[in-house]
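S.K.: Here's a sequence, model it:
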Amino acid sequence: MGCGALHASAQNEVRDEDYSSLTSYFNLKKIECPVQQYKAGRVMSLTIDTLSQACFNGKIVELERLKSTIKKDMDAAWKKSRQKEVQALVYCFARNTSMDTKVTVLKAAKDAYEEIRNDIAGYTNNKDEAYLDDVFPILICEDTGK
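M.R.: Model (predicted):
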């Protein structure tokens with residue numbers, strides 16, 4: 001599976017959260033898989049089907065609960081790995097997915113990562129973006145099916 005990775009630095013603030021601004025936020029970088037540049041990592045899957053239902057790691061999730069589900073799963077897995085594994089998210093939209101649904105999904109993923117990073121900044125007392133990018137990088141990858 002080929003994918004174009006989206007790696008974000010939280011320094012790029014997104015105010016008007018439409019599809020293009022969300023994808024721009026993640027600073028598109030073409031690499032085979034975002035986890036390959038790290039020593040250890042875990043890849044989660046998020047698929048939006050033709051009925052605009054979200055399937056996260058094989059389980060149907062209501063869009064309203066997507067952010068909290070992603071955050072809870074990533075945070076638990078990261079802590080279980082003793083904070084050593086990066087958490088990457090691979091997503092795929094059905095062709096008929098509305099732009100509103102795409103924005104909702106990408107915003108939920110972005111917000112889940114940012115909430116975890118804010119938690120880390122709080123308990124480490126280190127809000128430095130470079131530190132947070134090293135400890136818990138935002139890695140989102142679109143599955144292009146190649």
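S.K.: phi, psi of residue 43?
M.R.: Per-residue torsions, residue 43: phi -110, psi 120 (degrees, to the nearest 10).
S.K.: Please name the nearest non-neighbouring residue to it.
M.R.: Leaving aside its sequence neighbours, residue 43 sits nearest to residue 88 (CB to CB, 6 or more residues apart in numbering; 4.8 Å). All C-beta spots, glycine's among them, are computed from the backbone N, C-alpha and C.
S.K.: and the one you found, how many neighbours?
M.R.: When neighbours are defined as other CB atoms under 10 Å, residue 88 has 24 of them.
S.K.: wait, doesn't it sit right on residue 143?
M.R.: No: using CB atoms under 8 Å, residue 88 is not in contact with residue 143; the gap is 11.5 Å.
S.K.: which residues of this structure fall in strands?
M.R.: 3-8, 28-29, 41-48, 54-56, 59-61, 86-93, 138-143 (DSSP state E).
S.K.: Which residues are in contact with residue 44?
M.R.: Contacts for residue 44 (CB atoms under 8 Å, 6 or more residues apart in numbering) come out as 56-57, 70, 73-74, 87-90.
S.K.: what about residue 144, neighbour count?
M.R.: For residue 144, using other CB under 10 Å, the count is 10.
S.K.: And it, what's its pLDDT?
M.R.: With respect to pLDDT, residue 144 scores 71.
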